[in-house]
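Colleague: Kindly generate the corresponding structure for this input.
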Amino acid sequence: MEYFIQGEKNKWEVILGLEVHAQISSKSKLFSVAPTSWGGEPNSQVDLVDCGMPGALPVINEYCVEQAVLTGLSLNAEINKMSVFDRKNYFYPDLPQGYQISQFDYPIVGKGFIFIESEGKQKKIGITRLHLEQDAGKSLHDQDIKNSYIDLNRSGCALMEIVSEPDMRSPSDAAEYVKKLRSILKYVGSCDGNMEKGNLRADVNVSVRPFGENMGTRCEIKNVNSIKFIQQAIEYEAKRQVEILEKGQSITQETRLFDPNKIETRSMRGKEESHDYRYFPDPDLPPLMIESNTIEELKKKLPELPDKKKIRFMEELNLNEYDAEILSNDKETANFFEKIVHKRDPKFVTSWITGELFSYLKKIDKTIIESKVTTEKLGNFIDLIMDGTISNRQAKEVFEDYIRSKESAKDFIKKKGLVQVSDESEINNFISKVLQENPKMVDEYNKGKDRLFGFFIGQVMKLSKGKANPTVVNKILKEKLKKI
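Modeller: Residues are numbered from 1 along each chain as shown. Coordinates of the predicted model:
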């Protein structure tokens, strides 16, 4: 379905491009040995380089370079064997050096692409570049009524800025792009994708144009840190621009902020161009040279990515596309599924993971890893359902209690008195009693009222207190009714 904004005069197309800033999961910063752990006391994780002390020289973190290359390879992108670090000059209180070490003309990663599924269609989104840069510090405005404070713990942390082509046309496109990008980064291990902590955030470039006309003037919405907010910011900003243009006015190119409380964007500053930052090569850092054999070795370390995993789940395990996508999108979920599905029915395991387990995780608001649910814990429970020890219905009723318990699956089921009766002679006795007590129903069934079969099943289950194996009941009941 085509996304557009219908104004009073024109039908407007929305043009979107994203600059995603992903913090590399590295123990130390891009140019210093200072730690990067989350939640430290303000200014407790700062090296001389990070706070801009005179004479302190930056030294490149080799691990961060490798992670950038791996990420580039996962985005089907060109890896540049020579890249250059530049100084991007601007003056903010939380930028102690007065410049940010970044890359401009010669980034470490060139053009690439990824595929997304949006609004029922597969779309190819181009990647313009990926470059390395250091993060700035953080200004704190809520610590004191009169003063702002500066925390430099984040200053110098390694960022990958991933710039897309303006290939997205709807809030859904942008949301699916960020989801896919986050999924890939987590698979590679280069970024944890945590948007709440600011480890993944996006600058959203929005412009509008009447269909078929030239590109309009864009506005950039800075540092949006949730997929929901990205969509809301786009919807508001696109409508704002359409209203201005339909009044005969022009769009001012500027940087804007999104207010999630008011669900609106507001002006932050005029949009700077590259010449405003006075880029020039950092004199303290020589060009970064990467050898071909290094790139080839890193290619070998590239894991199976979500798109390929999805196809494999469909081909090898015969899963439908929807289930295969859900299970492959998240690395934690995919690993959990692959461990538990071994020698078990893939479709049955899938239904329990995407149904009961996902429902439980949503209820407690935790990921699989955070919940500490093990594959052994769930796998043993599923085994008891599949071998008939407990019915699927009963299993669903006690699932949450079982997951929270420390007991084994067998002990838990036994303690709850839920062991299913599968003995044919015992079930035969239940059925005989039900048929003897309901002769009129039996007679009506034999005259063609097939729906009464469900009534007999229900009576047997009631008599057995829900413990009779439904499959065995179904089989014996059919045989007995045929003989009457």
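
Colleague: Could you pull up the contacting residues of the spatially closest residue to residue 352 that is not a sequence neighbour?
Modeller: Using CB to CB, 6 or more residues apart in numbering and skipping the chain neighbours, the partner closest in space to residue 352 is residue 382 (5.9 Å). Any C-beta I mention is one placed from the backbone N, CA and C, and that applies to glycine too. Residues near residue 382 by CB atoms under 8 Å, 6 or more residues apart in numbering: 340, 344, 348-349, 352.

Colleague: Please tell me how far residue 382 sits from residue 342.
Modeller: According to CB to CB, to the nearest Å, residue 382 and residue 342 sit 12 Å apart.

Colleague: same question, residue 35
Modeller: 38 Å.

Colleague: for the protein, longest helix please?
Modeller: Counting residues, the longest helix in the chain under DSSP state H turns out to be helix 227-246.

Colleague: wait, residue 270 sits on residue 220?
Modeller: No. Counting by CB atoms under 8 Å, residue 270 sits too far from residue 220 to count as a contact (10.8 Å).

Colleague: Could you check how far the residue nearest to residue 352 is from residue 17?
Modeller: 45 Å.

Colleague: what sits up against stretch 460-476?
Modeller: By CB under 8 Å, 6+ apart, stretch 460-476 touches 388, 391, 393-394, 418-422, 424, 427-428, 430-431, 433-434, 457, 477.

Colleague: Would you mind checking the average pLDDT for that stretch?
Modeller: Averaging pLDDT along stretch 460-476 gives 80.

Colleague: Flag every buried residue along that stretch.
Modeller: Counting neighbours by 16 or more other CB atoms under 10 Å, one finds that the buried residues in stretch 460-476 are 460-461, 463-464, 467-470, 472-473, 476.

Colleague: just to revisit the earlier point, when residue 35 and residue 342 are compared, which one has more neighbours?
Modeller: In this view residue 35 and residue 342 are compared by other CB atoms under 10 Å, and residue 35 has more residues nearby, 16 against 10.

Colleague: Tell me how far the more buried one lies from residue 403.
Modeller: Taken as CB to CB, the span from residue 35 to residue 403 is 35 Å.

Colleague: now the longest helix of the chain: mean pLDDT?
Modeller: On average, helix 227-246 scores 97.

Colleague: residue boundaries of the strands in the stretch 101-250 of the chain?
Modeller: 112-118, 121-134, 138-140, 149-151, 158-164, 200-210, 219-224 (DSSP state E, counting those that start in this stretch).

Colleague: how about those in a markdown table, adding distance to residue 61 and mean neighbour count?
Modeller: Below are the strands of the stretch 101-250 of the chain laid out as a markdown table (distance: least, CB to CB, whole Å; neighbours: other CB atoms under 10 Å):
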| stretch | distance to residue 61 | mean neighbour count |
| --- | --- | --- |
| strand 112-118 | 23 | 18 |
| strand 121-134 | 9 | 19 |
| strand 138-140 | 21 | 14 |
| strand 149-151 | 21 | 17 |
| strand 158-164 | 6 | 24 |
| strand 200-210 | 19 | 22 |
| strand 219-224 | 24 | 20 |
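
Colleague: Format those as a markdown table; extra columns: distance to residue 7 and mean pLDDT.
Modeller: Below are the strands of the stretch 101-250 of the chain laid out as a markdown table (distance: least, CB to CB, whole Å; pLDDT from 0 to 100):
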| stretch | distance to residue 7 | mean pLDDT |
| --- | --- | --- |
| strand 112-118 | 23 | 96 |
| strand 121-134 | 25 | 97 |
| strand 138-140 | 38 | 88 |
| strand 149-151 | 44 | 92 |
| strand 158-164 | 26 | 98 |
| strand 200-210 | 9 | 96 |
| strand 219-224 | 17 | 95 |
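
Colleague: and residue 317, which of these is closest to it?
Modeller: strand 112-118 (19.7 Å; CB to CB).

Colleague: right, and residue 26 touches residue 67 too?
Modeller: Yes. Using CB under 8 Å, residue 26 makes contact with residue 67 at a distance of 7.0 Å.

Colleague: Point out where this protein drops to low pLDDT.
Modeller: Scanning the chain for pLDDT under 70 picks out 1, 271-275, 423.

Colleague: Look at residue 445 and say how many residues are nearby.
Modeller: What residue 445 shows, counting by other CB under 10 Å, is a neighbour count of 19.

Colleague: circling back: what's the closest of the contacts of residue 382 to residue 234?
Modeller: Looking across the contacts of residue 382 and measuring by CB to CB, the closest to residue 234 is residue 352, at 36.6 Å.

Colleague: Verify the contact between that closest one and residue 378 for me.
Modeller: Yes. Using CB under 8 Å, residue 352 is in contact with residue 378, at 7.1 Å.

Colleague: following the helix or strand where the residue nearest to residue 352 lies, which helix or strand comes up?
Modeller: Using DSSP states H and E, residue 382 sits within helix 375-386. Next along the chain after helix 375-386, taking DSSP H and E as the criterion, comes helix 392-404.

Colleague: for the next helix or strand after that next one, packing partners?
Modeller: Per DSSP H and E, the first helix or strand lying C-terminal to helix 392-404 is helix 409-416. Secondary-structure packing of helix 409-416 (3 or more CB pairs under 8 Å, 6 or more residues apart in numbering; DSSP states H and E): helix 375-386, helix 392-404.

Colleague: Not counting sequence-adjacent ones, nearest residue to residue 459?
Modeller: Nearest non-adjacent residue to residue 459 (CB to CB, 6+ apart): residue 434, at 4.5 Å.

Colleague: if I've got this straight, the one you found is in a helix?
Modeller: Yes. Looking at residue 434 with DSSP: H, G, I helix; E, B strand; the rest coil, it is inside a helix.

Colleague: i'd like the first residue to be 870 from this point on
Modeller: Yes, from this point I'll number from 870; that puts the last item at residue 1303.

Colleague: can you pull the contacts of it?
Modeller: Counted by CB under 8 Å, 6+ apart, residue 1303 has contacts 1325, 1328-1329, 1332.

Colleague: doesn't residue 1203 make contact with residue 1196?
Modeller: Yes. Between residue 1196 and residue 1203 there is a contact at 5.9 Å, judged by CB under 8 Å.

Colleague: Give me the more crowded residue out of these two.
Modeller: residue 1196 (25 against 20).

Colleague: Only the C-alpha atoms, please, for the one helix or strand residue 1329 maps to, written as PDB.
Modeller: Following DSSP H and E, one finds residue 1329 within helix 1321-1332. Taking C-alpha atoms only, helix 1321-1332 is exported to PDB below (Å, rounded to 0.1, in the frame of the first residue of the first chain):
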ATOM      1  CA  LEU A1321     -22.800 -35.600  19.700                       C
ATOM      2  CA  PHE A1322     -19.300 -37.100  19.400                       C
ATOM      3  CA  GLY A1323     -17.900 -34.000  21.000                       C
ATOM      4  CA  PHE A1324     -20.400 -34.400  23.900                       C
ATOM      5  CA  PHE A1325     -19.100 -37.900  24.500                       C
ATOM      6  CA  ILE A1326     -15.500 -36.700  24.500                       C
ATOM      7  CA  GLY A1327     -16.400 -34.000  27.000                       C
ATOM      8  CA  GLN A1328     -18.100 -36.500  29.300                       C
ATOM      9  CA  VAL A1329     -15.100 -38.800  29.300                       C
ATOM     10  CA  MET A1330     -12.800 -35.900  30.100                       C
ATOM     11  CA  LYS A1331     -15.100 -34.800  32.900                       C
ATOM     12  CA  LEU A1332     -15.200 -38.300  34.300                       C
END
